[in-house]
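Visitor: Using only what follows, build the 3D model:
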Amino acid sequence: MAIQWFPGHMHLTKKAITERIKDIDVVIEVLDARLPGSSANPLLAELTGHKPTLKVLNKQDVADPARTGLWLDWYNARTDTRAVALDASEPAPARKLIDGCHQLAPNRGGMAKPMRVLICGVPNVGKSTLINTLSNKRQAKTGDEAGITKLEQRITLADDFYLWDTPGMLWPRISVVESGYNLAASGAVGRNAYDEELVALELLRRLQAHYAPLLEARYKLGLAPDAMAGMRDDELLEAIGKKRGAVMSGGRVNLQKAAEIVMTDFRTATLGRITLETPAEFEAWQAAAELREAERTAKKQAREDRKKKGSGIREP
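Guide: From the prediction side, this is the model:
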């Protein structure tokens, strides 16, 4: 099941970014350090691709540090791109972003040529928290829910440093299926756009493969890592539901409640420091998605060709 979510206010955000970008010196894209590839917006890259970009892997304090290092190397290998990892609620590292912007646009600064920065990212990635930390005041609304920020706003961080905040934005069609599930698991997608049980099952599948000891430490199922990794994801979800008391009358497990427990434990980092993807995995997902898209386009073209042939329409 492909997960898609692009409500009306995101169309307005796309338009606002398109109009604003011509006057911007640096783009700060805030990513979720637990899913640094899936939370990078390809539409944003299309809209701002010619601008220097600072990739901020936020929530690094709850991400797998070894995998965070892989992602920093991956992003820093790109042209006109710098990447840093931080916890947006910590003031000292967050203020280093200002220096990072000046490194990407060294000719900007001073009252004659103030630095103009656009900050953006997918919903619920911690962007508003970062803005409040940078400015030392509560200027942006925060909350553990997708779509809190709805309007663009300009924030002055210094006399010669202007920051434009934009609402969280996804993209119209998430072609990488795995990214859709990871975004939903992180809380970047509106709850009405996905089935929580299916997302929890996909999440457990990744955790079984790479973080089985953390699952055992949290839920105390009495399973060795190999045994847990060999379970079906639905069996594991049911076992967790039983252990956490998500049981209905008759002894049946409330799988919806069990799914909510698993996703809440992931989002709040109760499970521990987890990153759901590596650069190599994400590149493989992208390649598979591009192949599916090429096959889809070819089939669509073949249907159109058959229709033209059947109707007697000739190519010019």
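
Visitor: so where is this protein shaky, pLDDT-wise?
Guide: 1, 137-152, 312-316 (pLDDT under 70).

Visitor: can you give me the helices in it?
Guide: Along the chain, the stretches classed as helices by DSSP state H are 8-20, 42-48, 65-76, 91-104, 127-135, 177-186, 196-210, 212-219, 225-229, 233-243, 255-267, 279-311.

Visitor: which of these sits most buried?
Guide: helix 177-186 (a mean of 25; mean count of other CB atoms under 10 Å). All C-beta spots, glycine's among them, are computed from the backbone N, C-alpha and C.

Visitor: just to revisit the earlier point, out of the helices of the chain, which is closest to residue 114?
Guide: helix 91-104 (11.4 Å; CB to CB).

Visitor: Not counting that closest one itself, show me its contacts.
Guide: Here helix 91-104 makes contact (CB atoms under 8 Å, 6 or more residues apart in numbering) with 25-26, 28, 52-54, 56, 80, 82, 84, 86-88, 108-109, 115, 117, 130, 133-134, 136, 157-158, 161.

Visitor: Which ones among these map onto strands?
Guide: 26, 28, 53-54, 56, 82, 84, 86, 115, 117, 157-158, 161 (DSSP state E).

Visitor: So which of the residues you listed is surrounded by the most neighbours?
Guide: With neighbours taken as other CB atoms under 10 Å, the top of the ones in strands among the contacts of helix 91-104 is residue 56, carrying 28 neighbours.

Visitor: any idea which residue sits dead centre in the chain?
Guide: residue 39 (2.3 Å; CA atoms, centre = their mean).

Visitor: Name all residues that make contact with that residue.
Guide: 31, 32, 121, 122, 125, 182, 183, 186, 188.

Visitor: For the third one, give its distance to residue 304.
Guide: Shown here: residue 121 relative to residue 304, a distance of 38 Å by CB to CB, to the nearest Å.
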